[in-house]
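> Give the three-dimensional model of this entry:
(one chain, ligands or ions: 1)
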Amino acid sequence: MKVVIDGEVRTLKAVWYEDDEVKLIDQRKLPEKIEIFEAKNSDDIAYAIKNMVVRGAPAIGVTAAYGLAMAKKKGENMDEAVRKIGSTRPTAYDLFKAIRYMQINDFDMNSARRYAMEISGRSRKIGEIGNQLIGQNARILTHCNAGALAVVDWGTALAPIRMAHGDGKNIFVFVDETRPRLQGAKLTAWELAQEGIDHAIIADNAAGFYMRRKEVDLVIVGADRIASNGDFANKIGTYEKAVLAKTNGIPFYVAAPGSTFDFSIKSGDEIPIEERDENEVLEINGTRIGPVESHSRNPAFDVTPNEYVTGFITEYGIFKPSELGKLKELMEKDLFMNIK
Ligand SMILES: CSC[C@H]1O[C@H](OP(=O)(O)O)[C@H](O)[C@@H]1O
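Prediction:
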């Protein structure tokens, strides 16, 4: 991910391992400042995932992989480390995929590096494949942040957008602010601004306005868990964007690596939905916006039924929901992905 720091263009990853620590861009501090969170043990890793220092399904998985390898290297009790990290956030399937991968590979540090490299390479492939869907002039709406910050680099939903921009296509991105944590306004907008990709932050409630006015050509979002039938969980508010896209005849794509597909569940009804602290809704940047007497409900994700999905953009190609059986077969032949 290209980042401008003190006028100098640097390449940063969302998460990496260096000097016996897992280093994370502290996404809570963006876009105001770039600060690096240094995780020294599994407690720090669990804290970072739970408190969204790092967030985004693939990035959470990579963080868990490095974190478990670091814990092993530092002689921690691995059952305890797995329990702590595995109980941070229930929805993103990549977390559990990464934990399983590391268990099978005995929490070996080279396996963690391999995991990170695979996820990064697959996100690049998602970009190349998804770029084929983007015309020379494209106005794309996205929700939340499924960029390099949510993966390691490239991203999932933002990967095709980055590739298209790099190919000289004329891209404009509608960035849903994405209440309550504002990952769109704070993180997606930051990533696009760093790379000079034209965009506008919009209120979540304005997405339908632009879709109905035919100002949106394509919607691309990320995912946290995709069921066998193509129902998928993603940031709260995704479902209503999908319904609006279908109502307005706009293609709606989900970009995700194989590590986000959970073929052990039949439908989206089986996806656990994380409920987060009510203050995420009642406050913005620490300032309370609701009366002291008021409470809130704060589901972090919703489930979109497969009928609203035009296709899934993966490193294996683009699949309609009805074609996920083919994707499952390809994943079973893929040594890295075929983690039981
Ligand atoms: C590429 S996965 C990104 C995915 O994760 C986000 O959730 P959170 O910020 O709570 O981790 C959101 O659902 C994104 O689409």
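> ok, whatever helix or strand Tyr66 lives in near the ligand or not?
Secondary structure from DSSP states H and E places Tyr66 in helix 57-73. Yes. Helix 57-73 is in contact with the ligand by CB under 6 Å from any ligand atom, via 57-58. (C-beta placed from N, C-alpha, C; glycine too.)
> Please apply the same query to stretch 185-197.
No. Under the criterion of CB under 6 Å from any ligand atom, stretch 185-197 makes no contact with the ligand; the nearest approach is 8.1 Å.
> Can you mark which positions in that stretch are buried?
Within stretch 185-197, the residues scored as buried using 16 or more other CB atoms under 10 Å are 185-192, 194-195, 197.
> Between those, which sits nearest the ligand?
Comparing those against the ligand with CB to the nearest ligand atom places Leu187 closest, at 8.1 Å.
> Leaving out chain neighbours, which residue sits closest to the closest one?
Asn145 (3.8 Å; CB to CB, 6 or more residues apart in numbering).
> tell me which element Ile161 is part of?
helix 158-166.
> Run through who's touching that helix.
In this structure, residues lying in contact with helix 158-166 by CB atoms under 8 Å, 6 or more residues apart in numbering are 123-124, 126-131, 133-134, 138, 140, 142, 145-148, 151, 154-155, 171, 173, 188, 191-192, 195-197, 220, 255, 313.
> Would you mind checking the average pLDDT for it?
Mean per-residue pLDDT for helix 158-166: 98.
> near the ligand, which residues of the stretch 1-150 of the chain show up?
Listed as neighbours of the ligand in the stretch 1-150 of the chain under the rule CB under 6 Å from any ligand atom: 55-58, 144, 146, 150.
> packing partners for the host helix or strand of Tyr47?
Take DSSP H and E as the rule and Tyr47 turns out to sit in helix 42-50. When contacts are defined as 3 or more CB pairs under 8 Å, 6 or more residues apart in numbering; DSSP states H and E, helix 42-50 packs onto strand 21-25, strand 36-39, helix 57-73, helix 78-86.
> who does the next helix or strand after the helix holding Ile161 pair up with?
Later in the chain than helix 158-166, the nearest helix or strand by DSSP H and E is strand 170-176. Strand pairing for strand 170-176, determined by DSSP bridges: strand 137-142 (parallel), strand 199-202 (parallel).
> Could you pull up the mean pLDDT of strand 170-176?
For strand 170-176, the per-residue pLDDT averages 98.
> got the angle between it and helix 158-166?
Strand 170-176 and helix 158-166 meet at an angle of 150 degrees, taking axes from the mean of the first three to the mean of the last three CA atoms, to 10 degrees as the criterion.
> buried sites along strand 170-176?
Neighbour-count burial for strand 170-176 [16+ other CB under 10 Å]: 171-176.
> after that strand, next one along is what?
Downstream of strand 170-176 (by DSSP H and E), the next one is helix 183.
> circling back: so the helix holding Ile161, near the ligand or not?
No. For helix 158-166, no contact with the ligand is found by CB under 6 Å from any ligand atom; the gap never falls below 8.6 Å.
> show me what contacts Gln27?
Residues near Gln27 by CB under 8 Å, 6+ apart: 14, 52-55, 149, 187.
> about what we covered before: list only buried entries from the contacts of helix 158-166.
In these, the ones that pass as buried (16+ other CB under 10 Å) are 123-124, 126-127, 129-131, 133-134, 138, 140, 142, 145-148, 151, 154-155, 171, 173, 188, 191-192, 195, 197, 220, 255, 313.
> coming back round to it: which ones among the contacts of helix 158-166 are found in helices?
With helices defined by DSSP state H, the entries of the contacts of helix 158-166 inside them are 123-124, 126-131, 191-192.
> now those as TSV including pLDDT?
Formatted as TSV, the ones in helices among the contacts of helix 158-166 follow (pLDDT from 0 to 100):
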residue	pLDDT
Ser123	98
Arg124	98
Ile126	98
Gly127	98
Glu128	98
Ile129	98
Gly130	98
Asn131	98
Glu191	97
Leu192	97
